[in-house]
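Enquirer: Here is a sequence together with a model predicted from it:
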Amino acid sequence: MLARFDDPAVEKAYVMSEREARVPATRFLAGIGIVTLISYIGFNPMHFPPEGVIAYNMAAIPFMLVLTCIVGLTFTRFYIEQSWIDLVIFIAMTVVMVLLIEALGEQSDITEISRFGMGIINFGILVVFASVGFVATTRYFFSWAVVLLLTYATFLLIVDRNIVNVVYSFTNFTTFFTFACFVNWDIDRRARRSYKAWMALEEERAKTEEMLFNVLPKNVANRLRRGEVVADSFSDVSVVFVDIVGFSKLARKLSPGHLVKLLNAIFGLADECAKNAGVEKVKTIGDAYLAVAGGTTSTENDAVSAIRFAEQMIAAVTDYARETRIDVAIRVGIHTGPVVGGVIGQQRMAYDYWGDTMNTAARLEGVAKPGGIAVSESTYFAACSQVDFTPAELQTLKGIGETKVYRVIVENEVADQAAR
């Protein structure tokens, strides 16, 4: 009946969020109480004798101080985080309410309301107020309310009143009590249901966001959300083009399911290497893998990061070939230069890159050796201080012409195994 979330962290988060959300209502309720007491302080001198006015004011002023403290507490994190303070607040309010009832009971000849009538009215108001004032703390409210009910019942039993008066007084008070308990329980029940729905919505939003960020860079996704046209120009990007050696031959040997499994394994290794090296995966094109360093993400030396990614991937594919005994190897081409990036279309959107730099990287891959990395002159000059290369050699690249090509010196053992 008194619901709680199974996870203590979720329960605490719910209580804090609910208390924070209902702070304005709590302040409003306390404000109503203060205004009501002030109005009686101004009204009573017209009807009560001086001693009655003083007695009422002596009870009303502490009551207003308690209500003022409630308002002050709502401006602190302490009130939000320490829900047990509700119990302390309403114990204090019970005490000052008893003083107020006693002061009004002394004026029963004027008000024509007995002390017991005042008790029913004012305690009824208090429990109804408390049903809203105990924010996300139903267990504390029920504990306080039950003690208040038992105290009131004990008082009725020990006073010199006839049984009919006692029964009617208790019945009237329990009407307020039952209504207040239901209100507090129902508010909490509905709030928990709303919070649970919000958590489910947040979980789905997080999944959707994760999927979106797997397709698009985070900053690009945020720009699309704002309705921006995404078109960027980059002056110095290292493009990495990776291709599986002899894929057509492998495709004839392997079943379709086995072939897809092989591609998934190799591209999974590529994704992991890209993450480790700090480069950005762009897309897969058949049996080729395209990545860039220096586009929407950048490292200290993008050309070096691109080469490190290629080296890691060659090593990872070599290990995979050894473990699976599948004759598979890759070759890599890298070129550094200007590119244009952006998102086009309305469906299955992806951030893509265009320009001669992309084509040059693809052509360089075509002249790379199995298990090797061929780079352009621009990539060589950007990385030669940190990477070892073979001397330049002239290669005729399709659609480009004679081009200086440098090859990254890979460890002999790795290169030999990759070539096999």
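Expert: Done, it's in. Numbers count the residues shown, from 1 in each chain.
Enquirer: dump the residue contacts of residue 123.
Expert: Going by C-beta atoms under 8 Å, 6 or more residues apart in numbering, residue 123 touches 97, 101, 148, 152, 173, 176. Every residue, glycine included, has its C-beta placed from N, CA and C.
Enquirer: Is the nearest residue to residue 396 once chain neighbours are set aside part of a helix or strand, or is it coil?
Expert: Once flanking residues are discounted, residue 396 sits nearest to residue 402: 5.5 Å by C-beta to C-beta, 6 or more residues apart in numbering. Look at residue 402: counting by DSSP: H, G, I helix; E, B strand; the rest coil, its state is strand.
Enquirer: burial measure for residue 402, as a count.
Expert: 9 (other C-beta atoms under 10 Å).
Enquirer: same thing with residue 202?
Expert: Counted with other C-beta under 10 Å, residue 202 comes out at 10.
Enquirer: do residue 320 as well
Expert: 16.
Enquirer: same deal with residue 137?
Expert: The number of residues near residue 137, taken as other C-beta under 10 Å, comes to 22.
Enquirer: related to what we said a few turns ago, ok, so of the contacts of residue 123, who is nearest residue 54?
Expert: Nearest to residue 54 out of the contacts of residue 123 is residue 101 (C-beta to C-beta; 16.4 Å).
Enquirer: how about the closest one, secondary structure?
Expert: Classified using three-state DSSP, residue 101 is helix.
Enquirer: residue contacts, it?
Expert: Counting by C-beta under 8 Å, 6+ apart, residue 101 has contacts 115, 118, 119, 122, 123.
Enquirer: The same query, at a cut-off of 6 Å, please.
Expert: Shown in contact with residue 101 (C-beta atoms under 6 Å, 6 or more residues apart in numbering): 118, 119, 122.
Enquirer: Just the pLDDT for it.
Expert: You'll see residue 101 listed with a pLDDT of 88.
Enquirer: same thing with residue 158?
Expert: Listed pLDDT for residue 158 reads 80.
Enquirer: Let's see the pLDDT reported for the closest residue to residue 134 other than its chain neighbours.
Expert: Nearest residue to residue 134 in three dimensions, chain neighbours excluded: residue 141, at 3.7 Å (C-beta to C-beta, 6+ apart). Predicted confidence (pLDDT) for residue 141: 92.
Enquirer: how about stretch 191-201: buried residues?
Expert: 191, 192, 195 (16 or more other C-beta atoms under 10 Å).
Enquirer: With distance to residue 410 added, can I get the residues you listed in a markdown table?
Expert: Below are the buried residues of stretch 191-201 laid out as a markdown table (distance: C-beta to C-beta, whole Å):
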| residue | distance to residue 410 |
| --- | --- |
| 191 | 62 |
| 192 | 60 |
| 195 | 56 |
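Enquirer: Pipe the residues you listed into a markdown table and attach secondary structure, pLDDT and distance to residue 166 per row.
Expert: Converted to a markdown table, the buried residues of stretch 191-201 look like this (DSSP: H, G, I helix; E, B strand; the rest coil; pLDDT from 0 to 100; distance: C-beta to C-beta, whole Å):
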| residue | secondary structure | pLDDT | distance to residue 166 |
| --- | --- | --- | --- |
| 191 | helix | 92 | 37 |
| 192 | helix | 92 | 38 |
| 195 | helix | 92 | 43 |
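Enquirer: mind listing the strands for this protein?
Expert: Taking DSSP state E as the test, the strands found in the chain are 231-244, 280-285, 288-293, 330-343, 351-354, 373-375, 393-397, 401-407.
Enquirer: Out of these, which one sits most buried?
Expert: Sort these by mean neighbour count, taking mean count of other C-beta atoms under 10 Å, and strand 373-375 sits at the top with a mean of 31.
Enquirer: Name the strands paired with it and say parallel or antiparallel.
Expert: Neighbouring strands of strand 373-375 in its sheet, by DSSP bridges, are strand 330-343 (parallel), strand 401-407 (antiparallel).
Enquirer: And those strands: which comes nearest residue 63?
Expert: Taking the strands paired with strand 373-375 one by one with C-beta to C-beta, strand 330-343 is closest: 63.1 Å.
Enquirer: model confidence over the closest one, on average?
Expert: 92.
Enquirer: Show residues contacting that strand.
Expert: Under C-beta under 6 Å, 6+ apart, the answer for strand 330-343 is 230-235, 237-245, 295, 303, 306, 310, 317, 349, 351, 353-355, 357, 360-361, 364-365, 368, 370, 372-376, 378-379, 382.
Enquirer: Any stretches of the stretch 51-200 of the chain with poor pLDDT?
Expert: Applying pLDDT under 70 to the stretch 51-200 of the chain flags residues 160.
Enquirer: Do you have the helices of the stretch 1-150 of the chain handy? List them.
Expert: 8-21, 23-43, 50-73, 77-81, 85-105, 108-111, 115-133, 138-158 (DSSP state H, counting those that start in this stretch).
Enquirer: just to revisit the earlier point, relative to residue 68, which of the strands paired with strand 373-375 is closest?
Expert: Nearest of the strands paired with strand 373-375 to residue 68, taken as C-beta to C-beta: strand 330-343 at 56.4 Å.
Enquirer: what is the orientation angle of the closest one with strand 280-285?
Expert: 110 degrees (axes from the mean of the first three to the mean of the last three C-alpha atoms, to 10 degrees).
Enquirer: Pull the distance from strand 330-343 to the chain's centre.
Expert: The chain centre lies 35 Å from the centre of strand 330-343; the measure is C-alpha atoms, centre = their mean, to the nearest Å.
Enquirer: Tell me what angle it forms with strand 231-244.
Expert: Going by the same axes, to 10 degrees, strand 330-343 makes 160 degrees with strand 231-244.
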